[in-house]
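Engineer: I'd like to go over a predicted model; first the sequence, then the structure.
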2 protein chains.
Amino acid sequence: MVTIKDVARVAGVSTSTVSRVVRGQSKVGDQCRAHVQSVIKALGYRPNINARALVSQKSEMLGIVTPEFSSNFFGNIASGVASAARNANYKVMMSNSQDIPHTELEAIASLREHGCQNIILHSKFTDDNTLAQLAADIPGLIIINRFVSAIASRCVWIDNIAGGKMAVEHLLDKGHRQFAFITSDIQNQDPDDRLNGCRNALSKLNISVEPEQIASGLPEMEDGYRAAETLLARDINFTAVIAYNDAMAVGAMNALQDAGKKVPEDVSVIGFDNLLIATACRPYLTTMNYPIFDMACYASRLSILLTTCKEEAENKTHLFMPSLVERDSVCQVK
Amino acid sequence: MVTIKDVARVAGVSTSTVSRVVRGQSKVGDQCRAHVQSVIKALGYRPNINARALVSQKSEMLGIVTPEFSSNFFGNIASGVASAARNANYKVMMSNSQDIPHTELEAIASLREHGCQNIILHSKFTDDNTLAQLAADIPGLIIINRFVSAIASRCVWIDNIAGGKMAVEHLLDKGHRQFAFITSDIQNQDPDDRLNGCRNALSKLNISVEPEQIASGLPEMEDGYRAAETLLARDINFTAVIAYNDAMAVGAMNALQDAGKKVPEDVSVIGFDNLLIATACRPYLTTMNYPIFDMACYASRLSILLTTCKEEAENKTHLFMPSLVERDSVCQVK
DNA sequence: ATGAAAGCGCTAACAG
DNA sequence: CTGTTAGCGCTTTCAT
């Protein structure tokens, strides 16, 4: 391993000078810098990351903390972060919280021990106050997919209420007036926001949403299937169902079809997220696109900005908008 | 930050003793150890990872290098590694090669610079010799999903040939005798192995596989769709199609159905991998399960074993077997 | 603009 | 079994 000392010796300068050149500091003579750089190149010197992190107590690393990684949704987050990291020459370290409450904080702590100041957190369990505290302690902490008003400028989130509205408005445009909803039990704001967005849009036409129009379950295909069965078994009419996410929507379509309903002719279905699964099912799913990859990229860049030239990134909000992707699971009502 | 010195001072011992206790070395007196441990706990001491990595030139970190992360397949790898890492108290660092050849090696180099000796590599571009060389240099390098005979004991792979055989045998059992194949253009051994497995099984019944029975494309849904169209347009008969993976299989089912064929009544379809998509489509896809999550866990444990008690892990091979998952896309031929 | 020297927190001989 | 000592490779005052 070639060290900074080797470079210094060969170049005939001190280690301080080499260090300055490496870090691109200005206080080095032009020819001296050029010479040192050539030696660095010739020797193939690369700074020891751990030594650097030891002395400076930080490292060029992006940390991701999410509940899990296997699903497409979180895969997209990881992908976005990795992509931004590559561009900025950062490494990425991940720590999934395995859906266990206190491991979320544990994951953050361990990232910090590595000197990681740039953390993209998809928090499911930690409360707003703790999050605000964390944000104060960790300059590069970004909350993704959740809005905490006390640290608004540190949240990269999406307007779920608008998403719900847009979904309903699309259905309204297509002539639908009788709705059913499949929502999720998960412990965060998303399902409620999406549902409230729906309610908002509906209230303009004085259409109310009754409890019997709503079924819920875990945000997965099987539960979407069951939820649709539940809805069907109730004494209600609906020409459209709005599901919490694509997986539930696909489950619902399958249940509907298994019950002899045609999608979209008898019942239209709309999902949220626009993941791969939305084009695997038949009919192809009309859904609200959530630009999660882009959000993750953006969050990463923001985090890095925050730890490099702070002022530039302050006092802004970072709200993304969903958009409708029309496919084949929604049609004009007869 | 509380350091080893603080602990030593408070406990009235030397830093070496503290270090020994922390690392669980045996050469410490029982009561001394207990005392030190209580001080560690009282002070909330946690060793500085970077300092440790600096002096020992290694770190308890698992690195993952894969072409990308967003797909379900690689998400499962990441998940498996993360899970094993958690159990062993390792961190995980990831570096995707973005499907660019030389970045694969670059990703490995950068992992090593962090002191990471445990690398799970899903290599797409690097040749066998380079891989063997790498394995010699990096004690904890494991190749996942590929077999390199020179470093057999360092590969965690799956028997694709057997997979192909099993798929065909299942179809044979169901009375099928006329086959079509959708394979992939990707630059690795998998497609050929799966196809050769099919050929093997077929040759026992003297059924040969002609070029016109095969169509190919990228391993994605759209290309599976197109490949099935191509097959349909040719002047051949088939009652079953075997696709390279689930995505292509689903694409093929969709194309078949769009062309007025019933699946499985007119044409049975079988896929490989058993990802989420296999239960999103209609009919649910019969497919060969590839235990990729388990393989990733296993590979991670193996890697750690290799860097902790080497002898235990040598001279073994690590071959996984796929298994058939029967769903609804295959039926008895009429 | 450059160098000397101190030290980040830890491990690892080597003594005893 | 425990302590002393010397670094690991780098950054960072503080001189010059």
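Structural biologist: Arrived safely, thanks for sending.
Engineer: what about the residue lying closest to residue A:275 once chain neighbours are set aside, distance to residue A:279?
Structural biologist: The spatially closest residue to residue A:275, leaving aside those adjacent along the chain, is residue A:72, at 4.4 Å (C-beta to C-beta, 6 or more residues apart in numbering or on different chains). All C-beta spots, glycine's among them, are computed from the backbone N, C-alpha and C. Going from residue A:72 to residue A:279 by C-beta to C-beta, to the nearest Å gives 12 Å.
Engineer: swap in residue A:70?
Structural biologist: With C-beta to C-beta as the criterion, residue A:70 and residue A:279 are 19 Å apart.
Engineer: And for residue A:60?
Structural biologist: 37 Å.
Engineer: Those two: which is more packed in?
Structural biologist: residue A:279 (23 against 19; other C-beta atoms under 10 Å in any protein chain shown).
Engineer: which phi and psi does that one have?
Structural biologist: Dihedral pair for residue A:279: phi -110, psi 10, per degrees, to the nearest 10.
Engineer: Okay, now stretch A:318-329: how far is its last residue from its first?
Structural biologist: 31 Å (C-alpha to C-alpha, to the nearest Å).
Engineer: and it with chain B, contact?
Structural biologist: No - counting by C-beta under 8 Å from any C-beta of the partner chain, chain B is not contacted by stretch A:318-329; separation bottoms out at 11.2 Å.
Engineer: what pLDDT, on average, does that stretch get?
Structural biologist: Taken as a whole, stretch A:318-329 has a mean pLDDT of 97.
Engineer: then the helix or strand harbouring residue A:269 to CSV, C-alphas only?
Structural biologist: Element membership for residue A:269, per DSSP states H and E: strand A:268-273. What follows is strand A:268-273 as a C-alpha-only set of coordinates in CSV (Å, rounded to 0.1, in the frame of the first residue of the first chain):
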residue,chain,number,x,y,z
SER,A,268,-62.4,0.0,-12.8
VAL,A,269,-59.3,-0.2,-10.6
ILE,A,270,-56.6,2.3,-9.9
GLY,A,271,-53.4,1.9,-7.9
PHE,A,272,-50.5,3.9,-6.5
ASP,A,273,-46.8,3.7,-7.0
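Engineer: for it, packing partners?
Structural biologist: Packed against strand A:268-273 by the contact rule (3 or more C-beta pairs under 8 Å, 6 or more residues apart in numbering or on different chains; DSSP states H and E) you find helix A:160-173, strand A:240-243, helix A:246-258, strand A:286-289.
Engineer: what about the strand or helix carrying residue A:300 and chain B, any contact?
Structural biologist: Using DSSP H and E, residue A:300 sits within helix A:292-308. Yes - residues of helix A:292-308 contacting chain B under C-beta under 8 Å from any C-beta: residue A:293.
Engineer: can you state the direction angle for that helix and strand A:268-273?
Structural biologist: Per axes from the mean of the first three to the mean of the last three C-alpha atoms, to 10 degrees, the angle that helix A:292-308 makes with strand A:268-273 is 20 degrees.
Engineer: name the helices or strands packed onto helix A:292-308?
Structural biologist: strand A:59-66, helix A:72-88, strand A:116-121, strand A:140-144, strand A:155-158, strand A:318-320.
Engineer: What distance do you get for residue A:52 to DNA strand D?
Structural biologist: 4 Å (C-beta to the nearest atom of the strand, to the nearest Å).
Engineer: What spatial separation is found between that residue and chain B?
Structural biologist: 8 Å (C-beta to the nearest C-beta, to the nearest Å).
Engineer: Give me the domain ranges for chain A.
Structural biologist: A:4-47, A:57-158+A:293-321, A:160-290 (automatic domain parsing).
Engineer: got those as JSON lines, with distance to residue B:160 columns?
Structural biologist: Below are the domains of chain A laid out as JSON lines (distance: least, C-beta to C-beta, whole Å):
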{"stretch": "domain A:4-47", "distance to residue B:160": "38"}
{"stretch": "domain A:57-158+A:293-321", "distance to residue B:160": "22"}
{"stretch": "domain A:160-290", "distance to residue B:160": "23"}
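Engineer: among those domains, which is nearest DNA strand C?
Structural biologist: Smallest distance to DNA strand C across the domains of chain A (C-beta to the nearest atom of the strand): 3.1 Å, for domain A:4-47.
Engineer: Before I go, just wanted to say thanks for your time.
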